[in-house]
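*Asks:* for reference, the sequence and a predicted model appear below.
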Amino acid sequence: MYRKILIINPFGIGDVLFTTPIIHTLKDKFKDVKIGYLCNRRTAGLLEGNPYINYVFVYERDEFEAIRKKSFFAWLKNILGFLNQIKKEHFDLALDFSLNTQYGFFSWFAGIKERVGYNFKNRGGFLTQKVPLIGYSDRHIVEYYAALLKYLGIDLKYRKLELYLKAEDLKRTEEILAKEGLRQSDLLVGIIPGAGRSWGRDAYLKHWPAENFAQLADKIIENYQAKIIIMGDYFEKEIAKNIIGRMGHKAIDFSGMMTIGGLAALLSKVNLVITNDGGPLHMAVALGIKTVSVFGPVDERVYGPYPPSDDHIVIKKDISCRPCYQNFKMPICAQDRECIKSIDVNTVLQAIRRLC
């Protein structure tokens, strides 16, 4: 019987949401267990309202690295302080989804006796239970994550992604929508033309062209009298501006205006989300919002909506070299992103018709 369990996942929005069925399953199996979560700063807001999580530990590697560059002793003080916060909670199990030696060391240093995780590229030196892994392929990441539960003698009981909204985020979102003259009776369609931060400067590889989003938005307005809301992070504002500049009708640009909790609240208010492959897609899925998603180099069987549902339609073009993102590596594209550029507006519009 476990008293306290630490989940470690330093990756992006989707990866963190993919662990929520595991968390709920653990809480159901061990009724009195307390669960901690080690994540990055950007994803912490996804977890703060989760009733099954008792502690959130934020580790932002870049912030610690900036301190180290200024002063090794200041870095040492801060990193020890961070690890001691975890240590004082006396966790007895760590489920480590990081694929990284550093986080295994963290849980070892924190005195966590049982440490279960994947031994990707022999990086599991500090784990007590090393599970072999070459990469994720052919099945969804949730299923890979759930495989670690097998080592505890547990089957995955819950499969739906979970995202809990905060009242203050909902209230602020309702105020913003009212200020824009949007009503509950309006058909609201969210367009997310970016791909999140996880891919950094390579995120454009997952972007359906802005001109396609613009044409699609105009057709949705003309066919459904819908209100279009464009969402995204602050660094995606140029994409939103590009789309709006190409449109013949009006769209409302909320990109860069929301915290992650605010984005979740805004997503909960729309009737349909149209998006590239990225974290916000999985936020919409977790909130039960219908989605149409455009996938290019990434395998939707691994990173797509989970669990699969008629309410979540994936648009893809199966050319010979797709999916090319394999085992966390992306080769140089010799086809000028044909897999995503060749998806036409009418194909996406037909998917929307199936959901509206």
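*Replies:* Everything's here; your move. Numbers count the residues shown, from 1 in each chain.
*Asks:* and the helices in the stretch 1-150 of the chain?
*Replies:* Applying DSSP state H, counting those that start in this stretch to the stretch 1-150 of the chain gives helices spanning 13-18, 20-29, 41-47, 61-70, 72-87, 101-109, 141-147.
*Asks:* same check, this time on the stretch 251-356 of the chain
*Replies:* Going by DSSP H, counting those that start in this stretch, the stretch 251-356 of the chain shows helices at 260-269, 279-286, 300-303, 338-341, 345-355.
*Asks:* out of the ones you listed, which gets the lowest mean score?
*Replies:* Mean pLDDT values for these show the minimum at helix 338-341, a mean of 89.
*Asks:* tell me the buried residues in that helix?
*Replies:* Applying a neighbour-count criterion of 16 or more other Cβ atoms under 10 Å, one finds 339-340 buried in helix 338-341. Every residue, glycine included, has its C-beta placed from N, CA and C.
*Asks:* one step back: and the helices of the stretch 1-150 of the chain, which is most packed in?
*Replies:* Highest mean neighbour count of the helices of the stretch 1-150 of the chain: helix 13-18, a mean of 24 (counted as mean count of other Cβ atoms under 10 Å).
*Asks:* so what touches it?
*Replies:* Here helix 13-18 makes contact (Cβ atoms under 8 Å, 6 or more residues apart in numbering) with 9, 39, 42-43, 46-47, 97, 140-142, 145, 161-163, 196, 198, 260, 278-283, 286, 303, 306.
*Asks:* next: stretch 80-97.
*Replies:* Contacts of stretch 80-97 (Cβ under 8 Å, 6+ apart): 2-9, 11, 15, 19, 22, 34, 36, 38, 55, 57, 59, 64, 103-104, 106-107, 109-118, 127, 145, 148, 152.
*Asks:* one more: stretch 341-356?
*Replies:* Residues contacting stretch 341-356 (Cβ under 8 Å, 6+ apart): 187, 208-209, 212, 215-216, 219-220, 223-224, 271-272, 274, 290, 292, 294, 311, 313, 315-317, 319.
*Asks:* do the same with stretch 39-46
*Replies:* Stretch 39-46 is contacted by residues 9-13, 16-17, 47, 56-61, 63, 163, 197, 259-261, 264, 283 when judged by Cβ under 8 Å, 6+ apart.
*Asks:* and it, how far from the chain's centre?
*Replies:* 10 Å (Cα atoms, centre = their mean, to the nearest Å).
*Asks:* let me know which of the helices of the stretch 251-356 of the chain is tucked in deepest.
*Replies:* Greatest burial across those, using mean count of other Cβ under 10 Å, falls to helix 279-286, with a mean of 28.
*Asks:* so which elements touch it?
*Replies:* helix 13-18, strand 188-192, helix 260-269, strand 272-276, strand 290-294 (3 or more Cβ pairs under 8 Å, 6 or more residues apart in numbering; DSSP states H and E).
*Asks:* can you lay out the ones you listed as a markdown table showing distance to residue 325?
*Replies:* Formatted as a markdown table, these follow (distance: least, Cβ to Cβ, whole Å):
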| stretch | distance to residue 325 |
| --- | --- |
| helix 13-18 | 14 |
| strand 188-192 | 19 |
| helix 260-269 | 24 |
| strand 272-276 | 13 |
| strand 290-294 | 15 |
